[in-house]
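[1] Give me a model of this one.
(one chain, ligands or ions: 2)
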Amino acid sequence: MPSPEKFRETLDAFNISPDIIEEMYIGFDGLVSKTNKKIKSAFFCQALNVMNEKLPAEKVQEIFEANACCKSGARKKASEEIARIQANKSIEEKLSLISSRPYLNMGSAELDENGYLLVHAVSYHPGDKFECACPTVSKVKRDYVIPREYCYCCGGHFKYHYEIMFGVKLKLIEIVSSPHDTDGEQPCQFRYQIQ
Ligand SMILES: [Zn+2]
Ligand SMILES: [Zn+2]
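    Ligands and ions are numbered 1, 2, ... in the order given. Just a heads-up that it's a prediction; the model follows:
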């Protein structure tokens, strides 16, 4: 989630009805990017719970993917650079190059037995638990569980960058695992279909 401002715009862009939006925002007036992380995290949890209850699953996924964070700036430059370096390489060669460069913050990826792209997001593991790759909710002390669908934000981030690096279109098929619904036992991982 890059910003509460963009998130709010996306809800209009996807024609979410005003009564659903109102329910998502109960108790959270005037959220902006600079709002304390603890409050933003609590808001996105509440908003997502309402969305899961009131909206079709594909819509929830689309909205969170559309709000994926960290797409521009240095990250995008790095992805474009990788795309240039590896323009003539096979997908296997590209995968090993990305995995061997942890400073890219692109985690690692492999092709599964069906030819789908399996991405292991860069994983934060500060103690004995995994944290979600999303900076908006990671490392926040909380006594509630954010639904796993939150990781469509992370999934959208990696989709964006791997599409640039590989020069292909990807479709996010599933969140393979998430720290949110596993009490930090597993990292954010995603499966994509290469289009
Ligand atoms: Zn995020
Ligand atoms: Zn995540």
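
[2] State the three-state secondary structure for Lys59.
    helix (DSSP: H, G, I helix; E, B strand; the rest coil).

[3] residues contacting the closest residue to His125 other than its chain neighbours?
    Nearest residue to His125 in three dimensions, chain neighbours excluded: Glu131, at 7.2 Å (C-beta to C-beta, 6 or more residues apart in numbering). The C-beta positions use only the backbone N, C-alpha and C, and glycine is treated the same way. Applying C-beta atoms under 8 Å, 6 or more residues apart in numbering to Glu131 gives the contacts Ser123, Tyr124, His125, Ser138, Lys139, Pro179, Gly184.

[4] Could you report the neighbour count for the residue nearest to Lys129 when sequence neighbours are not counted?
    Spatial nearest neighbour of Lys129, chain neighbours left out: Gly184 (2.8 Å); criterion: C-beta to C-beta, 6+ apart. Using other C-beta atoms under 10 Å, Gly184 has 17 neighbouring residues.

[5] Phi first, then psi, for Gly184.
    Backbone torsions of Gly184, given as degrees, to the nearest 10, read phi 80, psi 10.

[6] same thing with Ser178?
    Backbone geometry at Ser178, expressed as degrees, to the nearest 10, gives phi -150, psi 140.

[7] pretty sure Tyr162 contacts Met106?
    Yes. In this structure, Tyr162 is within contact of Met106 by C-beta atoms under 8 Å, at 7.4 Å.

[8] coming back round to it: what bridges to the residue nearest to His125?
    Assessed by DSSP bridges, Glu131 has beta-bridge partners Tyr124.

[9] The closest residue to ligand 1 within the chain and ligand 2: what is the separation?
    Closest residue of the chain to ligand 1, C-beta to the ion: Cys134 (3.1 Å). Computed with C-beta to the ion, to the nearest Å, the distance linking Cys134 and ligand 2 is 5 Å.

[10] so that residue, which of the three states?
    Under three-state DSSP, Cys134 comes out as coil.

[11] shift numbering so it begins at 35
    That works, and once the first residue is 35, the last one we named lands at Cys168.

[12] Tell me, how many residues neighbour it?
    Counted with other C-beta under 10 Å, Cys168 comes out at 26.

[13] For Asn70, give me the pLDDT.
    Confidence at Asn70, expressed as pLDDT, is 91.

[14] repeat for Gly161
    With respect to pLDDT, Gly161 has a value of 79.

[15] What residues of stretch 116-125 count as buried?
    Ile116, Ala117, Gln120 (16 or more other C-beta atoms under 10 Å).

[16] Can you tell me the SS state at the spatially most central residue of the chain?
    Central residue of the chain (C-alpha atoms, centre = their mean): Cys188, 1.2 Å from the mean position. State at Cys188, reduced to three classes by three-state DSSP: helix.

[17] Specify the next element, helix or strand, located C-terminal of the longest strand seen in the chain.
    Criterion DSSP state E: the longest strand present in the chain is strand 204-211. Per DSSP states H and E, the first helix or strand lying C-terminal to strand 204-211 is strand 223-228.
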